[in-house]
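Colleague: Here is my input; please provide its structure:
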Amino acid sequence: MDMKEVLEDFDAAYNKAFNQGDAAGCAAFFTEDVILLAPDQPIIRGKRAFEEIYQSRMDKTSGGTHCNKLVEYGVEGDLAYQVGTYAIKGTTQAEQGKFVNILRRQADGTWKVTVSIFNSDRP
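Modeller: Okay, here's the model as predicted:
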């Protein structure tokens, strides 16, 4: 499977978990030591802190639909990057923005996000 397919499958599964309000399901795509650079937050480290932040985001957008769109990607050895856009629609807290993920190949051959940064397009 090429990296584009990996990322598209990753995004589809991630969106499904987000849309179901499953923060733990979203966190499954991230490393234990993930670094999250979220808007208006200090640096967030670790999968547990990631889950807490994402559960809070999901609580604000429940009933909405989350969607990622792949814009660009690259792979070099066991590291890859993903640039994309996201949108949360159908909720009073609608949002759209962009993100960059750095992924690391795991010992079992799967890819997980080790660093993620996102911000909204709000003016």
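
Colleague: What's the biggest helix in this protein, counting residues?
Modeller: Longest among the helix segments of the chain by residue count, using DSSP state H, is helix 3-19.

Colleague: Would you tell me what the next helix or strand after that one is?
Modeller: helix 23-27 (DSSP states H and E).

Colleague: now that following helix, how far from the chain's geometric center?
Modeller: A distance of 10 Å separates the C-alpha centroid of helix 23-27 from that of its chain, computed with CA atoms, centre = their mean, to the nearest Å.

Colleague: buried set for the helix or strand following it?
Modeller: Counting by DSSP H and E, the next helix or strand C-terminal to helix 23-27 is strand 30-37. Using 16 or more other CB atoms under 10 Å as the burial criterion, the residues of strand 30-37 that qualify are 30-31, 34-36. All C-beta spots, glycine's among them, are computed from the backbone N, C-alpha and C.

Colleague: Please produce JSON lines containing those, extended by pLDDT and distance to residue 67.
Modeller: Listed next are the buried residues of strand 30-37 as JSON lines, based on pLDDT from 0 to 100; distance: CB to CB, whole Å:
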{"residue": "30", "pLDDT": "96", "distance to residue 67": "19"}
{"residue": "31", "pLDDT": "97", "distance to residue 67": "24"}
{"residue": "34", "pLDDT": "97", "distance to residue 67": "21"}
{"residue": "35", "pLDDT": "97", "distance to residue 67": "24"}
{"residue": "36", "pLDDT": "94", "distance to residue 67": "20"}
